[in-house]
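Asks: Predicted coordinates and the sequence they were generated for:
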Amino acid sequence: MDGDDRVSGYIEKPITDYTVSMGVYVFESRCSGIHPVGQYLDFPDLILKMIANGEKVSGYVFDGYWMDLGRPDDYIQANQDFNNMKEQFLPEA
């Protein structure tokens with residue numbers, strides 16, 4: 001909608017597709033000197049600081065099962081999913 005409450009476009013139940021940060025992170029030891037010891041730094045700020053310092057930051061696009069395990073009920077759900085989808089996660093050799 002614009003500033004006059006007029007509809008300027010319309011999308012019915014849009015599908016939102018975005019990339020998330022997940023998995024295992026590997027850093028070279030020299031990265032430990034990027035930030036002062038004892039000072040708070042969260043992961044997104046670390047990555048942005050590394051990019052600003054000219055460090056090569058690479059990623060891998062994974063198109064499979066993903067779940068945030070930040071809450072106990074999420075962890076329980078992930079365990080249930082593992083049991084129900086075991087053949088997907090551990091295919092027979």
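Replies: Now that the structure is in, tell me what you want to look at.
Asks: from here on, contacts and neighbour counts on C-alpha atoms
Replies: Noted.
Asks: Low-confidence stretches in this protein?
Replies: Applying pLDDT under 70 to the chain picks out residues 93.
Asks: Got phi/psi on the most centrally placed residue in the chain?
Replies: Taking Cα atoms, centre = their mean, the centroid of the chain lies closest to residue 21, which sits 1.8 Å from it. When read as degrees, to the nearest 10, the backbone of residue 21 gives phi -90, psi 120.
Asks: What does residue 84 show for phi and psi?
Replies: Residue torsions, per degrees, to the nearest 10, at residue 84 are phi -80, psi -20.
Asks: Now for it: which residues touch it?
Replies: Contact analysis of residue 84 by Cα atoms under 8 Å, 6 or more residues apart in numbering lists nothing.
Asks: what separates the residue nearest to the centre of the chain from residue 4, distance-wise?
Replies: Distance of residue 21 to residue 4, computed by Cα to Cα, to the nearest Å: 38 Å.
Asks: same thing with residue 30?
Replies: Counting by Cα to Cα - residue 30 and residue 4 are separated by 54 Å.
Asks: ok, now residue 31?
Replies: Here residue 31 is placed at a distance of 50 Å from residue 4 (Cα to Cα).
Asks: Tell me how many other residues crowd residue 49.
Replies: For residue 49, the neighbour count with other Cα atoms under 10 Å is 15.
Asks: which non-adjacent residue is nearest it?
Replies: With Cα to Cα, 6 or more residues apart in numbering as the criterion, residue 49 has its nearest non-adjacent residue at 7.7 Å, and that residue is residue 34.
Asks: I figured the one you found hits residue 51, correct?
Replies: No: taking contacts as Cα atoms under 8 Å, residue 34 lies outside contact range of residue 51: 11.0 Å.
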